[in-house]
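Q: sequence-free structure coming up:
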């Protein structure tokens with residue numbers, strides 16, 4: 001690079017001596033403390049004037065809510081905005097009004113909108129008993145000589161499984177002359193869990209969908225998995241949910257439950273407190289007789305009654321009998337004693353004649369009683385015709401049947 005025209009850089013001026021610096025400081029005008037403070041105040045005031053004004057703060061004024069202005073002579077309305085009162089208040093006036101009679105689904109036993117618990121040991125025929133009751137209600141047939149209100153029936157099976165339950169259902173249908181139009185529907189092994197609020201809603205929807213007014217749930221332990229049957233806090237919510245379903249749909253809900261080692265119902269005392277009917281079922285697995293004991297009823301008096309189970313060729317049904325103490329002597333039911341009495345007066349009668357002349361029981365109960373007493377190791381009646389298929393059946397008393405009539409002084 002050429003340096004011909006480049007000017008030399010001037011050297012910086014050297015600092016003056018100490019005496020020169022002191023002379024300069026002496027000549028600089030001095031400021032008083034008041035001037036310094038005044039200048040600082042003026043500087044802050046100028047900066048404040050140049051700043052944008054801050055917005056005026058918003059002051060919220062508290063206004064207490066005003067009570068509703070209801071006239072003193074009128075009751076307040078039932079709704080306040082979106083809030084609905086929890087309580088509906090009744091008075092003596094309401095209580096003294098004529099109340100509707102109890103709406104029995106099964107007379108003297110199970111009422112509409114009720115919650116019941118049927119319990120017993122394994123092998124006491126609890127499921128068959130409930131199926132027998134349900135089919136009779138669906139077909140409008142008396143159950144154990146109790147009148148019924150014909151209703152649609154729903155069975156929630158969480159124990160037997162669809163194959164086994166279908167077989168039992170078929171046997172009961174055959175025993176009561178039911179067919180494909182019988183209004184008893186069922187669900188099986190649907191893993192219903194009433195500890196889950198969604199399943200409670202689903203069960204309520206199922207009851208509404210089927211239109212059922214009688215609902216059986218088999219069994220209690222299966223629809224509360226993981227819960228402690230002996231704990232009030234686990235048991236009570238289940239029955240509160242079922243109570244809501246029963247009240248809203250009007251359906252009678254019957255739980256099937258198991259007994260403990262000493263024969264009482266298994267679990268918390270909250271079970272008994274929560275139900276309208278507590279029904280104990282007793283039976284020996286190898287014997288047909290069933291004993292029923294009402295241990296609690298809110299709608300009827302405590303009672304005992306009996307039944308005899310008949311297992312035939314692909315059929316099952318119950319016949320009403322007197323309550324029989326365990327290992328005690330059995331007294332037959334009304335239908336059976338009617339048949340024995342009729343045949344004692346009208347020997348060698350046809351089955352149609354026995355059915356048509358039934359007065360103390362229904363014709364179907366008389367028919368079942370004949371079939372029941374014609375079987376077993378000590379039949380009380382026997383066929384007097386050849387017994388060929390399609391042939392009209394005629395019956396008469398056996399010697400055991402005659403003995404029973406004489407012993408109990410049966411007569412019209």
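A: Ah, there it is. Because the structure is predicted, anything quoted here is derived from the model rather than measured.

Q: what stretches of this structure score poorly on pLDDT?
A: Scanning the chain for pLDDT under 70 picks out 1-84, 324-330, 377.

Q: Centroid-nearest residue for it?
A: Taking CA atoms, centre = their mean as the criterion, residue 242 is the residue nearest the geometric centre of the chain, at 3.0 Å.

Q: Quick check: which element contains residue 293?
A: strand 289-297 (DSSP states H and E).

Q: Help me confirm that residue 124 comes into contact with residue 290.
A: Yes. Assessed by CB atoms under 8 Å, residue 124 is found in contact with residue 290 at 7.1 Å. (C-beta placed from N, C-alpha, C; glycine too.)

Q: shared neighbours, these two?
A: Taking CB atoms under 8 Å, 6 or more residues apart in numbering as the contact rule, residue 124 and residue 290 both touch 281, 282, 283.

Q: List just the nearest of those to residue 116.
A: Residue 116 has its nearest neighbour among those in residue 281, at 11.9 Å by CB to CB.

Q: hang on, the earlier thing: give me the sheet partners of the strand holding residue 293 and which way each runs.
A: When sheet partners are counted by DSSP bridges, strand 289-297 sits next to strand 277-282 (antiparallel), strand 304-312 (antiparallel).

Q: picking up where we left off before, dump the shared contacts of residue 124 and residue 290 into JSON lines; add neighbour count and distance to residue 230 as well.
A: Shown next, in JSON lines, are the shared contacts of residue 124 and residue 290 (neighbours: other CB atoms under 10 Å; distance: CB to CB, whole Å):
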{"residue": "281", "neighbour count": "21", "distance to residue 230": "21"}
{"residue": "282", "neighbour count": "18", "distance to residue 230": "23"}
{"residue": "283", "neighbour count": "24", "distance to residue 230": "26"}
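
Q: Please identify which of those is nearest to residue 111.
A: Residue 111 has its nearest neighbour among the shared contacts of residue 124 and residue 290 in residue 281, at 19.3 Å by CB to CB.

Q: Quick check on the nearest residue to the closest one once chain neighbours are set aside: phi, psi?
A: Once flanking residues are discounted, residue 281 sits nearest to residue 120: 3.5 Å by CB to CB, 6 or more residues apart in numbering. When read as degrees, to the nearest 10, the backbone of residue 120 gives phi 180, psi 170.

Q: What strand or helix carries residue 272?
A: Here residue 272 is assigned to helix 270-274, by DSSP H and E.

Q: Which elements pack onto that helix?
A: strand 115-120, helix 232-249 (3 or more CB pairs under 8 Å, 6 or more residues apart in numbering; DSSP states H and E).

Q: name the helices or strands packed onto the first one?
A: With contacts defined as 3+ CB pairs under 8 Å, 6+ apart, strand 115-120 has these neighbours: helix 126-139, helix 232-249, strand 252-258, helix 270-274, strand 277-282.

Q: Can you mark which positions in the first one are buried?
A: Judged by neighbour count using 16 or more other CB atoms under 10 Å, the buried positions of helix 126-139 are 126-139.
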